[in-house]
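[1] Test case, fold it:
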Amino acid sequence: MKQSWHMSIPALAVALALGGCASAVKKPEAPAAASTASAAPQAAQSAVAAVQAPVEQDLGPAPNVPRSVFFAFDKYNVQDKYRPVVEANAQYLSTHPQAHTQLQGNTDARGSREYNLALGQRRADAVMKAMELLGAKPAQMEAISFGKEKPKAMGTTAADYAENRRVDIVYKK
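    Numbering: from 1, shown residues only. Below is the predicted model of the structure:
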């Protein structure tokens, strides 16, 4: 009898432990309530997103003012014919001290990635220097290069290449 008593204590402990696991943990009874609860936050998020949608602001000079300066093959000097573009954008920056622009240098697809990144940077720097000489503050401008990574035209004609050799003047908030 003593042996069966010692054997039944571990069995009793296991039974109590397993019985404790089956205690009253309630599961959600109605899946419809769960889908209703998840639909409510989505509706609230939609309403909040609509309220927080960005309001269009005047970012830069009038829409009729060009915002790209184009370059000859393998060159980074700003040609005289683009002086009005540079002047108009520099004037806008000098009269709107809160405005900020990113000067994005681009190249055509010819040449290595590294070479084109460097050439795009030289083009962006040249436009920045020209705008600075015309009254824009350096703190309002950021010169960056995309090299050949952001083409406007995807073809391989001379016109496509010419379209990609540019600095885009992009106004930021």
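
[2] got the phi/psi numbers for residue 78?
    With angles defined as degrees, to the nearest 10, residue 78 sits at phi -80, psi 120.

[3] Is it in contact with residue 86, as I believe?
    Yes. In this structure residue 78 lies within contact range of residue 86 using Cβ atoms under 8 Å: 6.3 Å. Just so you know, the C-beta spots here come from the backbone N, C-alpha and C atoms, and that holds for glycine as well.

[4] shared neighbours of those two, which are they?
    Taking Cβ atoms under 8 Å, 6 or more residues apart in numbering as the criterion, residue 78 and residue 86 both touch 69, 127, 130.

[5] Same list, these, but as JSON lines with pLDDT, neighbour count and distance to residue 164 please.
    Formatted as JSON lines, the shared contacts of residue 78 and residue 86 follow (pLDDT from 0 to 100; neighbours: other Cβ atoms under 10 Å; distance: Cβ to Cβ, whole Å):
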{"residue": "69", "pLDDT": "98", "neighbour count": "26", "distance to residue 164": "13"}
{"residue": "127", "pLDDT": "98", "neighbour count": "29", "distance to residue 164": "16"}
{"residue": "130", "pLDDT": "98", "neighbour count": "21", "distance to residue 164": "20"}
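
[6] ok, so of these, who is nearest residue 153?
    Ranked by distance to residue 153 (Cβ to Cβ), those are led by residue 69 at 16.2 Å.

[7] tell me the SS of residue 144?
    strand (DSSP: H, G, I helix; E, B strand; the rest coil).

[8] for residue 98, that is, sorry about that
    Here residue 98 is recorded as coil under three-state DSSP.

[9] Where do the helices of this protein begin and end?
    Ranges of helices in the chain, per DSSP state H, are 2-21, 31-51, 83-95, 113-133, 158-164.
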